[in-house]
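Peer 1: Have a look at this prediction, sequence included:
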Amino acid sequence: MEELHGKVTFWLALSTIVISIGAGVPLGYNAGVMTVAAPVLFTDAVHLFDVPLVRHGISHGIRSVYLAEISPINLRGAIGVFGTLMHTCGLLLSHVVGFWGFYGQESWPILLSLVGCMGMVNIIVLPFCPESPRWLYIKQKRYRDAEKALQQLRGKTADISAEIEEMKIEALQDEDTGRGVGIIDIIRLKNPEWKTPLMLCVVITVGFYLSGFGALLFYTTEILKSAGLDQTEIALATVGYSFINVVSTFVGVLSVDRVGRRPLLICPFITGLVLLLGMTVSINTQEELGGYTFLVYFACLSMATIVVFRYLPETKNKTFGEISANFVKSPEQKMKQSEGVLETETYFNNGAVFEET
């Protein structure tokens, strides 16, 4: 597997930074702006409007896919989490600028419009960055363009033959299993092997967004007011919360490819359960948000923790094909997949896929 490892190059670093700043920072900034500006300008309805339409925009999903597809397997975790790090930096920036720069009804248009400057980074620089080699090779069948993009990302002297071979295998498997697959096929579980990975995607996402994080973020000001803090103390506490968020995410960037994905999901989930119980017994929180509100989040996070612990395989230093193989259940299916890989290697060794389309 060492042959699939790579190092940080100029184009890999530039592409990661640009897409993370252009897509990650604005998402965090928008969420933070709503926290700062809403008590002055809006109603709670704005919080609900912000969550699905701003924070979960198309750029969030595209960013994650692009970063995963341009990364070597030994850096995939760190590069992926780097996008989340920029998200938390955007949140911190919005709190600092919002509380001490543009807090008030007269200056809120400036506060909200600053996000456009971040998007300009993508518009100006991203067109010069390499396209995803996997998308070019597997989906577009533009083999030479994919090799050029991969060589640019890995460096002029890097040996990319192992990664090309891995994409060749996935391309043929994609032809056999992925042709004509749509969202309806996925919902209907056209392929039974999709059930477990689809369940994991849904449960992890639900566990994160119904962990109480959003409630704490959007009601931070109200919670701190109920604790008797003045405006200056609220600003300092909110910025401190955002700073801790940045630091913890930075630790994730450094450790995800060393420790693995499973521990870094399970341990924070368990920590979150403990903290939710603490929030539940907090008198100030109960008065502000009503009784045992956080027990709902506790139940959702408990479900996610159990499912992740039981079903989530470790994906550190594994190719996409190796990850998908974890969800092949029967010995017959595993044998078939193994034979398919051998047939694929033979097929590609015969040079069939090097025809440019």
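Peer 2: Sure thing, it's come through.

Peer 1: what helix or strand does the residue nearest the centre of the chain sit in?
Peer 2: Nearest to the geometric centre of the chain sits S64, at 5.1 Å (C-alpha atoms, centre = their mean). Using DSSP states H and E, S64 maps to helix 58-70.

Peer 1: For that helix, which outside residues touch it?
Peer 2: For helix 58-70, contacts defined as C-beta atoms under 8 Å, 6 or more residues apart in numbering pick out 12, 15-16, 19-20, 22-24, 26-27, 76, 79-80, 82-83, 130, 132-135, 153. No exception for glycine: its C-beta is placed from N, CA and C like everyone else's.

Peer 1: Of these, grab the buried ones for ChimeraX.
Peer 2: Here is the ChimeraX selection string for the buried members of the contacts of helix 58-70, based on 16 or more other C-beta atoms under 10 Å:
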select :12,15,16,19,20,22,23,24,26,27,76,79,80,82,83,130,132,133,134,135,153
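
Peer 1: and the residue nearest to A237 when sequence neighbours are not counted, what does it touch?
Peer 2: Once flanking residues are discounted, A237 sits nearest to L224: 5.5 Å by C-beta to C-beta, 6 or more residues apart in numbering. Listed by C-beta under 8 Å, 6+ apart, the contact partners of L224 are E233, I234, A237, T238.

Peer 1: how about those in CSV, adding pLDDT, distance to A158 and neighbour count?
Peer 2: Putting the contacts of L224 into CSV (pLDDT from 0 to 100; distance: C-beta to C-beta, whole Å; neighbours: other C-beta atoms under 10 Å) gives the following:
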residue, pLDDT, distance to A158, neighbour count
E233, 84, 53, 13
I234, 80, 51, 19
A237, 85, 47, 16
T238, 82, 45, 24
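
Peer 1: Now flag whichever of the residues you listed is closest to F99.
Peer 2: T238 (7.0 Å; C-beta to C-beta).

Peer 1: Could you export stretch 251-258 as CSV, CA atoms only?
Peer 2: C-alpha atoms of stretch 251-258 as CSV (Å, rounded to 0.1, in the frame of the first residue of the first chain):
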residue,chain,number,x,y,z
VAL,A,251,-6.0,18.3,16.6
GLY,A,252,-8.3,16.3,14.3
VAL,A,253,-6.3,17.3,11.3
LEU,A,254,-3.0,16.2,12.9
SER,A,255,-4.4,12.9,14.3
VAL,A,256,-7.0,11.5,11.9
ASP,A,257,-4.4,9.7,9.7
ARG,A,258,-2.5,8.5,12.7
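
Peer 1: Now do the buried residues in it.
Peer 2: Result for stretch 251-258 [16+ other C-beta under 10 Å]: buried residues G252, V253, V256, D257.

Peer 1: One more: stretch 218-233?
Peer 2: So for stretch 218-233, counting by 16+ other C-beta under 10 Å, buried means F218, Y219, T220, T221, I223, L224, K225, S226, L229.

Peer 1: Can you tell me which of the residues you listed end up in helices?
Peer 2: F218, T220, T221, I223, L224, K225, S226 (DSSP state H).

Peer 1: rewinding a little: following the helix holding S64, which helix or strand shows up next?
Peer 2: helix 76-100.

Peer 1: packing partners for that following helix?
Peer 2: helix 10-41, helix 58-70, helix 108-113, helix 231-259 (3 or more C-beta pairs under 8 Å, 6 or more residues apart in numbering; DSSP states H and E).

Peer 1: Quick one: closest of those to Y311.
Peer 2: helix 231-259 (19.4 Å).

Peer 1: same for the helix or strand just after the closest one, what does it pack against?
Peer 2: Downstream of helix 231-259, the first helix or strand assigned by DSSP H and E is helix 261-280. The contact analysis (3+ C-beta pairs under 8 Å, 6+ apart) places helix 261-280 against helix 231-259, helix 294-311.

Peer 1: so how far is W11 from A158?
Peer 2: 11 Å (C-beta to C-beta, to the nearest Å).

Peer 1: of all the ones in helices among the buried residues of stretch 218-233, which comes closest to L198?
Peer 2: F218 (29.1 Å).

Peer 1: Can you pull the poorly scored residue ranges out of the protein?
Peer 2: 1-3, 34-59, 100-107, 176-182, 283-291, 328-357 (pLDDT under 70).

Peer 1: tally of neighbours for G116?
Peer 2: Using other C-beta atoms under 10 Å, G116 has 10 other residues around it.

Peer 1: List the buried residues in the helix or strand it falls within.
Peer 2: Per DSSP H and E: G116 is located in helix 115-125. Across helix 115-125, burial judged by 16+ other C-beta under 10 Å covers V115, M118, V121, N122, V125.

Peer 1: For that helix, name the packing helices and strands.
Peer 2: Short answer (3+ C-beta pairs under 8 Å, 6+ apart): helix 115-125 packs on helix 10-41.

Peer 1: just curious, which of the buried residues of stretch 251-258 is nearest to T196?
Peer 2: For those, the nearest to T196 is V256 (22.1 Å; C-beta to C-beta).

Peer 1: Just the C-alphas of the helix holding G116, formatted as CSV.
Peer 2: In CSV, the C-alpha atoms belonging to helix 115-125 read as follows (Å, rounded to 0.1, in the frame of the first residue of the first chain):
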residue,chain,number,x,y,z
VAL,A,115,-18.8,36.5,3.0
GLY,A,116,-18.7,37.5,-0.7
CYS,A,117,-15.0,38.3,-0.4
MET,A,118,-14.3,34.7,0.7
GLY,A,119,-16.2,33.3,-2.3
MET,A,120,-14.1,35.4,-4.6
VAL,A,121,-11.1,33.2,-3.6
ASN,A,122,-12.7,30.2,-5.4
ILE,A,123,-13.8,32.3,-8.4
ILE,A,124,-10.4,33.6,-9.0
VAL,A,125,-8.0,30.8,-8.1
